[in-house]
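[1] Everything below, folded, please.
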Amino acid sequence: MKKLLVATRNQGKLKEISEFLKDLKLDLVSLNDLDIADDFEETGKTYKENSQNKALFYAKLSGLPSISDDGGVEIDALDGAPGIKSKRWVGKDSTDEKIVIHMKKVAKDLPENNRKAYFKTVVSLALPDGKVFSTTGEIEGIIARKPLVKILKGYPYRSFFYLPKIKKYYHENDLSEEEEKLYNHRYKAITRLKPIIAKILGLKDYSDK
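    Predicted structure coming up:
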(Lines give C-alpha, C1' and ligand atoms only; values in the text may rest on other atoms or scores of the structure.)
Protein backbone atom coordinates (compact mmCIF):
# COMPACT_ATOMS: atom_id res chain seq x y z
CA MET A 1 0.00 0.00 0.00
CA LYS A 2 1.41 3.37 -1.00
CA LYS A 3 2.18 5.95 1.67
CA LEU A 4 0.96 9.53 1.65
CA LEU A 5 2.28 12.06 4.14
CA VAL A 6 -0.30 14.43 5.62
CA ALA A 7 2.06 17.29 6.44
CA THR A 8 0.56 18.65 9.65
CA ARG A 9 0.81 18.42 13.43
CA ASN A 10 -2.65 19.88 13.93
CA GLN A 11 -4.56 16.86 15.26
CA GLY A 12 -7.93 18.31 14.26
CA LYS A 13 -6.75 18.85 10.69
CA LEU A 14 -5.09 15.41 10.56
CA LYS A 15 -8.29 13.72 11.72
CA GLU A 16 -10.39 15.63 9.20
CA ILE A 17 -8.10 15.03 6.20
CA SER A 18 -7.73 11.34 7.09
CA GLU A 19 -11.51 11.00 7.22
CA PHE A 20 -11.91 12.66 3.82
CA LEU A 21 -9.29 10.36 2.26
CA LYS A 22 -10.43 7.11 3.88
CA ASP A 23 -11.87 5.69 0.65
CA LEU A 24 -8.43 5.78 -1.01
CA LYS A 25 -6.27 2.71 -0.49
CA LEU A 26 -3.40 4.60 1.07
CA ASP A 27 -1.26 4.31 4.17
CA LEU A 28 -1.64 7.82 5.60
CA VAL A 29 1.19 8.99 7.86
CA SER A 30 1.74 12.25 9.72
CA LEU A 31 4.82 14.29 10.56
CA ASN A 32 4.71 12.82 14.06
CA ASP A 33 4.53 9.26 12.69
CA LEU A 34 7.76 9.88 10.79
CA ASP A 35 9.41 11.75 13.69
CA ILE A 36 9.89 14.79 11.46
CA ALA A 37 10.73 17.72 13.72
CA ASP A 38 11.58 20.23 10.99
CA ASP A 39 9.19 23.16 10.81
CA PHE A 40 8.17 24.95 7.65
CA GLU A 41 7.89 28.73 7.89
CA GLU A 42 4.92 30.07 5.96
CA THR A 43 6.23 33.20 4.25
CA GLY A 44 4.08 33.11 1.12
CA LYS A 45 1.70 35.89 0.17
CA THR A 46 -1.14 33.58 -0.86
CA TYR A 47 -2.77 30.39 0.43
CA LYS A 48 -1.61 28.59 -2.73
CA GLU A 49 2.00 29.65 -2.30
CA ASN A 50 2.10 28.48 1.32
CA SER A 51 0.25 25.26 0.55
CA GLN A 52 2.49 24.30 -2.35
CA ASN A 53 5.76 25.30 -0.70
CA LYS A 54 4.91 23.37 2.47
CA ALA A 55 3.88 20.24 0.56
CA LEU A 56 7.09 20.40 -1.52
CA PHE A 57 9.24 20.96 1.57
CA TYR A 58 7.95 17.83 3.31
CA ALA A 59 7.81 15.72 0.15
CA LYS A 60 11.51 16.32 -0.47
CA LEU A 61 12.36 15.88 3.21
CA SER A 62 10.44 12.61 3.62
CA GLY A 63 10.82 11.19 0.13
CA LEU A 64 7.04 10.61 0.12
CA PRO A 65 4.17 12.21 -1.76
CA SER A 66 2.80 14.80 0.63
CA ILE A 67 -0.31 16.89 0.99
CA SER A 68 -0.60 20.17 2.80
CA ASP A 69 -3.13 22.95 2.95
CA ASP A 70 -3.25 26.60 3.82
CA GLY A 71 -6.29 28.76 4.29
CA GLY A 72 -8.08 31.12 6.58
CA VAL A 73 -11.20 33.03 7.39
CA GLU A 74 -11.91 36.25 5.53
CA ILE A 75 -14.33 38.77 7.05
CA ASP A 76 -15.94 41.23 4.64
CA ALA A 77 -16.25 44.08 7.12
CA LEU A 78 -12.51 43.81 7.87
CA ASP A 79 -11.52 43.94 4.18
CA GLY A 80 -10.83 40.20 4.15
CA ALA A 81 -8.84 40.03 7.39
CA PRO A 82 -7.43 37.96 8.97
CA GLY A 83 -7.06 35.94 5.75
CA ILE A 84 -3.57 34.52 5.30
CA LYS A 85 -2.69 35.77 8.79
CA SER A 86 -5.48 33.72 10.45
CA LYS A 87 -3.07 31.49 12.38
CA ARG A 88 -0.97 34.43 13.57
CA TRP A 89 -3.63 37.14 13.92
CA VAL A 90 -2.89 37.61 17.60
CA GLY A 91 0.87 37.13 17.30
CA LYS A 92 3.43 34.38 16.69
CA ASP A 93 2.59 32.80 20.05
CA SER A 94 -1.04 32.45 18.97
CA THR A 95 -3.19 29.76 20.62
CA ASP A 96 -6.81 28.67 20.23
CA GLU A 97 -7.64 30.41 23.48
CA LYS A 98 -6.04 33.73 22.45
CA ILE A 99 -7.82 33.69 19.10
CA VAL A 100 -11.17 33.02 20.80
CA ILE A 101 -10.66 35.95 23.18
CA HIS A 102 -9.78 38.23 20.26
CA MET A 103 -12.67 36.96 18.14
CA LYS A 104 -15.17 37.67 20.93
CA LYS A 105 -14.21 41.34 20.68
CA VAL A 106 -14.28 41.29 16.87
CA ALA A 107 -17.66 39.56 16.74
CA LYS A 108 -19.17 42.04 19.17
CA ASP A 109 -18.01 45.06 17.13
CA LEU A 110 -18.98 43.88 13.64
CA PRO A 111 -21.94 45.76 12.10
CA GLU A 112 -25.15 43.74 12.12
CA ASN A 113 -25.71 44.35 8.41
CA ASN A 114 -22.23 43.20 7.42
CA ARG A 115 -21.16 40.03 9.20
CA LYS A 116 -20.47 37.97 6.07
CA ALA A 117 -17.32 35.84 6.08
CA TYR A 118 -15.69 33.06 4.09
CA PHE A 119 -13.55 30.04 4.90
CA LYS A 120 -11.09 29.42 2.06
CA THR A 121 -8.40 26.81 1.58
CA VAL A 122 -5.92 25.51 -0.97
CA VAL A 123 -4.84 21.86 -0.69
CA SER A 124 -1.70 20.75 -2.51
CA LEU A 125 -0.19 17.39 -3.41
CA ALA A 126 3.57 17.45 -3.94
CA LEU A 127 5.94 14.72 -5.11
CA PRO A 128 9.61 14.39 -4.13
CA ASP A 129 10.59 15.17 -7.75
CA GLY A 130 9.09 18.66 -7.45
CA LYS A 131 5.74 18.19 -9.17
CA VAL A 132 2.86 19.86 -7.36
CA PHE A 133 -0.91 20.01 -7.85
CA SER A 134 -3.48 22.19 -6.05
CA THR A 135 -7.24 22.49 -5.58
CA THR A 136 -9.40 25.02 -3.74
CA GLY A 137 -12.44 25.02 -1.47
CA GLU A 138 -14.63 27.80 -0.07
CA ILE A 139 -17.77 28.25 2.02
CA GLU A 140 -19.77 31.34 2.95
CA GLY A 141 -21.30 32.15 6.32
CA ILE A 142 -21.51 34.89 8.92
CA ILE A 143 -19.62 35.70 12.10
CA ALA A 144 -22.01 35.10 14.99
CA ARG A 145 -22.19 37.65 17.77
CA LYS A 146 -21.62 34.91 20.34
CA PRO A 147 -19.59 31.72 19.74
CA LEU A 148 -20.68 28.15 20.21
CA VAL A 149 -19.77 27.24 23.78
CA LYS A 150 -17.61 24.24 22.88
CA ILE A 151 -14.43 25.20 21.03
CA LEU A 152 -13.19 22.73 18.42
CA LYS A 153 -9.50 22.08 19.14
CA GLY A 154 -7.34 23.41 16.33
CA TYR A 155 -10.24 25.33 14.79
CA PRO A 156 -11.05 28.34 17.00
CA TYR A 157 -12.70 30.36 14.21
CA ARG A 158 -15.28 27.68 13.49
CA SER A 159 -17.05 28.32 16.78
CA PHE A 160 -17.87 31.83 15.50
CA PHE A 161 -18.74 30.81 11.94
CA TYR A 162 -22.48 30.41 11.48
CA LEU A 163 -24.20 28.86 8.45
CA PRO A 164 -27.56 30.65 8.06
CA LYS A 165 -28.91 28.21 5.44
CA ILE A 166 -28.95 25.33 7.93
CA LYS A 167 -28.98 27.43 11.12
CA LYS A 168 -25.92 25.72 12.56
CA TYR A 169 -22.37 26.60 13.52
CA TYR A 170 -19.50 25.29 11.43
CA HIS A 171 -18.57 22.69 14.04
CA GLU A 172 -18.10 18.98 13.36
CA ASN A 173 -20.16 18.03 16.41
CA ASP A 174 -23.01 20.23 15.19
CA LEU A 175 -23.11 19.05 11.56
CA SER A 176 -24.42 15.79 10.16
CA GLU A 177 -22.22 13.72 7.84
CA GLU A 178 -24.12 15.03 4.83
CA GLU A 179 -23.85 18.64 6.04
CA GLU A 180 -20.09 18.18 6.49
CA LYS A 181 -19.83 17.32 2.81
CA LEU A 182 -21.94 20.28 1.77
CA TYR A 183 -20.40 22.90 4.02
CA ASN A 184 -16.79 21.88 4.71
CA HIS A 185 -14.36 23.95 2.66
CA ARG A 186 -11.51 21.45 3.09
CA TYR A 187 -13.78 18.58 2.01
CA LYS A 188 -14.60 20.48 -1.18
CA ALA A 189 -10.91 20.98 -1.98
CA ILE A 190 -9.89 17.40 -1.15
CA THR A 191 -12.78 15.99 -3.18
CA ARG A 192 -11.37 17.86 -6.18
CA LEU A 193 -7.86 16.61 -5.38
CA LYS A 194 -8.77 12.92 -4.98
CA PRO A 195 -8.82 11.99 -8.68
CA ILE A 196 -5.45 13.71 -9.07
CA ILE A 197 -4.03 11.72 -6.12
CA ALA A 198 -5.44 8.50 -7.58
CA LYS A 199 -3.99 9.16 -11.02
CA ILE A 200 -0.56 10.34 -9.86
CA LEU A 201 -0.13 7.50 -7.34
CA GLY A 202 -1.63 4.87 -9.62
CA LEU A 203 -4.60 3.92 -7.44
CA LYS A 204 -6.49 1.88 -10.04
CA ASP A 205 -9.24 0.80 -7.66
CA TYR A 206 -10.39 4.38 -7.00
CA SER A 207 -13.53 5.50 -8.77
CA ASP A 208 -14.20 9.24 -9.00
CA LYS A 209 -17.91 9.37 -8.22
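
[2] And the lowest mean pLDDT element among the helices and strands of the protein?
    helix 11-20 (a mean of 88; mean pLDDT, DSSP states H and E).

[3] so who does residue 153 touch?
    11-12, 96 (CB atoms under 8 Å, 6 or more residues apart in numbering). Placement of C-beta: from N, CA and C, glycine included.

[4] ok so, going back, tell me which other helices or strands the least confident helix or strand of the chain touches.
    Packing partners of helix 11-20 (3 or more CB pairs under 8 Å, 6 or more residues apart in numbering; DSSP states H and E): strand 3-6, strand 27-30, strand 66-75, helix 185-201.

[5] ranking the ones you listed by burial, who's on top?
    Highest mean neighbour count among the helices and strands packed on helix 11-20 (mean count of other CB atoms under 10 Å): strand 66-75, with a mean of 24.

[6] So among the contacts of residue 153, which ones count as buried?
    residue 96 (16 or more other CB atoms under 10 Å).

[7] which intervals of the protein have sub-threshold pLDDT?
    For the chain, residues meeting the criterion pLDDT under 70 lie at 206-209.

[8] quick one: the closest residue to residue 147 other than its chain neighbours from residue 113, how far?
    If the residues on either side of it in the chain are set aside, residue 147 comes closest to residue 159, at 4.2 Å by CB to CB, 6 or more residues apart in numbering. Going from residue 159 to residue 113 by CB to CB, to the nearest Å gives 22 Å.

[9] related to what we said a few turns ago, pull the residues that contact the least confident helix or strand of the chain.
    6, 8, 28, 30, 67, 69, 152-155, 172, 184, 186-187, 190-191.

[10] What is the nearest of these to residue 165?
    Comparing the contacts of helix 11-20 against residue 165 with CB to CB places residue 184 closest, at 13.9 Å.

[11] burial count for the residue nearest to residue 147?
    23 (other CB atoms under 10 Å).
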